[in-house]
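Peer 1: Need coordinates for the below:
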Amino acid sequence: MENTILHKADTRGHAEHGWLESHQSFSFAGYFNPERIQFGMLRVLNDDIVAGGRGFGSHPHDNMEIISIPLEGSLVHEDNLGHRQVVSQGEIQVMSTGKGVFHSEYNNSPDQPAKFLQIWIFPNRLNVEPRYDQVRLDPEKRYNRLQQILSPDPEGEGVWIYQDAWFHMGRWDAGREFSYQLKKKGNGIYFFVIKGSFDVNGQTLEARDGLGITDTETVNLRSLEEGSEILVIEVPMQNKI
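Peer 2: This next block holds a predicted model:
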């Protein structure tokens, strides 16, 4: 039997640091909710706004797949692996932190805010050699369809990670219907509305709402507003390390 968990936008954690405004779908830093630790292997989904010229100083991570999706503006990424990259709207960035990496992220603009999603996924392999990648995707390929932006396949569209997870994004005209079929049996799906609103299996989701669904194979969706955008995250519900 299908099971769902609804996270309305206004029930998320919220942190305001002046230079950073963050909304957290799952427990993170100063926000702790024992009922919102993770959704399967999805550990963090932060919706961040970074002020112009500001950012996160160098800090460590290990054994986590960290994905950044800029929604507006761009960020400068630096790490102790020797990378210094600008990641912008229309691109997706991934770090497999493995044995450990230090990195920093700063707004690339001195005066305009940068908005991005930061997502953490538990890996299915521990202590791998850290790696970094980013790709630019054609936004027209997500018009009235789901565009794959992440998978476990290094040869697949988008970036890849050490986990049996798939991410898709789509932008839809009002009234368009579509479906999502799971890639792997036993996985769960987390839907996050970036803009507009959708009907997801009879549940109305508005901007920044999240809905997790387990024990299903196919989910039916309908866009309720012109230009509605959604992120679909399919992840294992249990790890097999």
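
Peer 1: Give me the neighbour count for the nearest residue to Gly100 once chain neighbours are set aside.
Peer 2: Closest residue to Gly100 apart from its sequence neighbours, by CB to CB, 6 or more residues apart in numbering: Asp62 at 4.1 Å. To be clear about C-beta, it is placed using only N, CA and C from the backbone, and glycine gets the same treatment. Residues near Asp62, counting by other CB atoms under 10 Å, number 12.

Peer 1: And Asp62, how far from Phe102?
Peer 2: Per CB to CB, to the nearest Å, Asp62 is found 10 Å from Phe102.

Peer 1: re earlier: isn't the residue nearest to Gly100 right up against Thr97?
Peer 2: Yes - in this structure Asp62 lies within contact range of Thr97 using CB atoms under 8 Å: 5.2 Å.

Peer 1: which neighbours do the two share?
Peer 2: Common contacts of Asp62 and Thr97 (CB atoms under 8 Å, 6 or more residues apart in numbering): none found.

Peer 1: Contacts for the helix or strand where Phe198 lies, please.
Peer 2: Counting by DSSP states H and E, the element that carries Phe198 is strand 197-200. For strand 197-200, the external contacting residues (CB under 8 Å, 6+ apart) are 172, 191, 204-207, 211, 213, 219-225, 228, 230.

Peer 1: what sits against the residue nearest to Gly100?
Peer 2: For Asp62, the contacting residues are 97-101, by CB under 8 Å, 6+ apart.

Peer 1: Include neighbour count, pLDDT and secondary structure when you put those residues into JSON lines, please.
Peer 2: Converted to JSON lines, the contacts of Asp62 look like this (neighbours: other CB atoms under 10 Å; pLDDT from 0 to 100; DSSP: H, G, I helix; E, B strand; the rest coil):
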{"residue": "Thr97", "neighbour count": "22", "pLDDT": "98", "secondary structure": "coil"}
{"residue": "Gly98", "neighbour count": "20", "pLDDT": "98", "secondary structure": "coil"}
{"residue": "Lys99", "neighbour count": "12", "pLDDT": "97", "secondary structure": "coil"}
{"residue": "Gly100", "neighbour count": "12", "pLDDT": "98", "secondary structure": "coil"}
{"residue": "Val101", "neighbour count": "22", "pLDDT": "97", "secondary structure": "strand"}
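
Peer 1: out of those residues, who's nearest Lys195?
Peer 2: Closest approach between the contacts of Asp62 and Lys195, by CB to CB: Thr97, at 29.7 Å.

Peer 1: Quick check: the closest one vs Gly18, distance?
Peer 2: Between Thr97 and Gly18 the distance is 27 Å, computed by CB to CB.

Peer 1: that's a helix at Asp111, yeah?
Peer 2: No - counting by DSSP: H, G, I helix; E, B strand; the rest coil, Asp111 is located in no helix; its state is coil.

Peer 1: can you pull the contacts of the nearest residue to it once chain neighbours are set aside?
Peer 2: Distances taken as CB to CB, 6+ apart place Gly52 nearest to Asp111, at 4.1 Å, with adjacent residues excluded. Residues in contact with Gly52 (CB under 8 Å, 6+ apart) are 107, 109-114.

Peer 1: what's Gly52 sitting at in phi/psi?
Peer 2: phi -50, psi 130 (degrees, to the nearest 10).

Peer 1: Tally up the residues packed near the closest residue to Ser96 other than its chain neighbours, please.
Peer 2: Nearest residue to Ser96, sequence neighbours excluded (CB to CB, 6+ apart): Arg131, at 4.7 Å. Residues near Arg131, counting by other CB under 10 Å, number 17.
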